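# Sequence first, then the predicted structure, then my questions.
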Amino acid sequence: MGLEDRRAQEPDVYQPAEDSHLLAEAACERLERGDLVLEVGTGSGYVAHQIADETGARVIASDLNPHAVRQARSAGVETVRADLVSPFRDGAFDAVVFNPPYLPTDPENEWDDWMERALSGGEDGRAVIDPFLADVGRVLAPDGSVSLLVSSLTGVDEVVEEAGEHGFSAVAVADESFPFETLTVLELFR
């Protein structure tokens, strides 16, 4: 079944795009067999599936969207419905991977459905990223890391600064430029 066919079947689920491919590739280069990985906001389950297939790591995926949880599970991804990292145990994961909603959106133009939640990062693009950064350290093992995709539209420097306020150092490990934005994968570590 092609990507367009899947989109027609699951219009309420974010399907793999350039950002998904960039994040999956960057994460796979840093993970290995035996790692326990959490993918937050899994959408279709593409990134989690790629990581598990290419590295042999065990991946737990989560999403707030019940349609996404269903689609990811049907793709064979171990998935739970969760808001960011809230239900997970302290120190449980070797790595956390996240392609957050990052598009800056004027509140008057929000459309209040599952796709809007998958795409809109609020007025500055960081409405989901900032709370994630505030809590993700709790679920990481002591030497754990985070792979976080950000857009130039969101402000990479602002995300790095916010990460620093929560005890993380950040290194850009991959990026890809498009006519309207540059996507960057940050690796965050303590």
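Ah, there it is.

# Please list the residues outside the longest strand seen in the chain that contact it.
Counting by DSSP state E, the longest strand found in the chain is strand 140-151. The set of residues external to strand 140-151 that reach it, using C-beta atoms under 8 Å, 6 or more residues apart in numbering, is 19, 22-23, 26-27, 30, 91-100, 102-103, 125, 129, 132, 136, 156, 159, 163, 168, 173, 181-190. (Each C-beta comes from the backbone N, C-alpha and C, glycine too.)

# Tell me the first helix or strand C-terminal of it.
Downstream of strand 140-151, the first helix or strand assigned by DSSP states H and E is helix 156-165.

# Counting by contacts, list what that next one packs against.
helix 129-139, strand 140-151, strand 169-177, strand 182-189 (3 or more C-beta pairs under 8 Å, 6 or more residues apart in numbering; DSSP states H and E).

# okay, the angle between it and helix 129-139?
40 degrees (axes from the mean of the first three to the mean of the last three C-alpha atoms, to 10 degrees).

# and helix 156-165, which residues are buried?
By 16 or more other C-beta atoms under 10 Å, the buried positions in helix 156-165 come out as 156, 159-160, 162-163.

# ok, now how distant is the residue lying farthest from the centre of the chain from residue 123?
In the chain, residue 108 marks the outermost C-alpha relative to the chain mean, sitting 25.3 Å out by C-alpha atoms, centre = their mean. Distance check for residue 108 against residue 123: by C-beta to C-beta, to the nearest Å, it reads 10 Å.

# what's the answer for residue 60, then?
Applying C-beta to C-beta to residue 60 and residue 123 gives a distance of 31 Å.

# Just give me the longest helix of the protein.
Of all the segments assigned as helix in the chain under DSSP state H, the longest by residue count is helix 18-30.

# Run through who's touching it.
Outside of helix 18-30, the residues within contact range by C-beta under 8 Å, 6+ apart are 37, 43-44, 46-47, 50-51, 54-55, 95, 97, 99, 145, 147, 149, 151, 173-176, 178, 183, 185, 187.

# Can I have the buried ones of these as a PyMOL selection?
When burial is assessed using 16+ other C-beta under 10 Å, the buried subset of the contacts of helix 18-30 is captured in PyMOL by this command:
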select buried, resi 37+43+44+46+47+50+51+55+95+97+99+145+147+149+151+174+175+183+185+187
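
# Report pLDDT for the spatially most central residue of the chain.
Against the mean C-alpha coordinate of the chain, by C-alpha atoms, centre = their mean, the closest residue is residue 98 at 1.8 Å. The score at residue 98 is 97. That number is its pLDDT.

# let's number from 52 now, not from 1
That works, and once the first residue is 52, the last one we named lands at residue 149.

# For it, give me phi and psi.
When quoted as degrees, to the nearest 10, the phi and psi of residue 149 stand at phi -150, psi 130.

# before we move on, the earlier item: can the helices and strands packed on helix 207-216 go into JSON lines with extra columns for distance to residue 66 and mean pLDDT?
Rendered in JSON lines, the data for those read as follows (distance: least, C-beta to C-beta, whole Å; pLDDT from 0 to 100):
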{"stretch": "helix 180-190", "distance to residue 66": "21", "mean pLDDT": "98"}
{"stretch": "strand 191-202", "distance to residue 66": "15", "mean pLDDT": "97"}
{"stretch": "strand 220-228", "distance to residue 66": "18", "mean pLDDT": "98"}
{"stretch": "strand 233-240", "distance to residue 66": "16", "mean pLDDT": "98"}
